[in-house]
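J.: only geometry, no sequence info:
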């Protein structure tokens, strides 16, 4: 009975992943298709939230947090701010974008080709489950003095990677603050010029 319940839960997880991926695909296509840049920016924010949801379903909560903060939060704010400065509608191009389309298709094909040699998703005999995970489980408490293995991996074993993620979030936040304070200064100087 437990085996049937486990298989049923795996099927539900698979269906949830497929549904989220379909929404991600439709949102991405709609964001590229629209000519209204505000609507495209909003759809890209939704795209990032859907990707964050997918990462949560795949038990990669740290990646989901970064995707939500940078992708849905700061990037959407920067896109809307840029659109506010430049205009709401995309100019129609007279050129056909065949070369970029070929480049995107070739890159996507190479990425898919690169996944052929990977172990199956959730395979208990994958190298990460046979070599790396047992080491972390056995030595994380004694080497890092952290009672939580996930915290030990993120803060100690992958410290430089985590520091890079935190640096990206911090830099993006500082960039948004710099843009917003620059906008305030520009408005103040314009008001002073009008008064003179």
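T.: Thanks, I have it. Please read these numbers as outputs of a predicted model, since none were measured by experiment.

J.: contact partners for the residue nearest the centre of the chain?
T.: For the chain, residue 67 is the residue whose C-alpha lies nearest the centre (C-alpha atoms, centre = their mean; 3.4 Å). Going by C-beta atoms under 8 Å, 6 or more residues apart in numbering, residue 67 touches 48, 51-52, 55. Any C-beta I mention is one placed from the backbone N, CA and C, and that applies to glycine too.

J.: same deal with residue 38?
T.: For residue 38, the contact set (C-beta under 8 Å, 6+ apart) comprises 80, 83, 88.

J.: before we move on, which element is it in?
T.: helix 37-57 (DSSP states H and E).

J.: what's the answer for residue 23, then?
T.: Element membership for residue 23, per DSSP H and E: helix 2-33.

J.: for that helix, which positions count as buried?
T.: 20, 24, 27-28, 31 (16 or more other C-beta atoms under 10 Å).

J.: over to stretch 149-165?
T.: So, applying 16+ other C-beta under 10 Å, buried residues of stretch 149-165: 152-154, 157, 162, 165.

J.: which helices and strands does the helix or strand of the chain with the lowest mean pLDDT pack with?
T.: Counting by mean pLDDT, DSSP states H and E, the chain has its least confident helix or strand at helix 159-195, which shows a mean of 73. Packing contacts for helix 159-195, counted by 3 or more C-beta pairs under 8 Å, 6 or more residues apart in numbering; DSSP states H and E, involve helix 61-66, helix 75-86.
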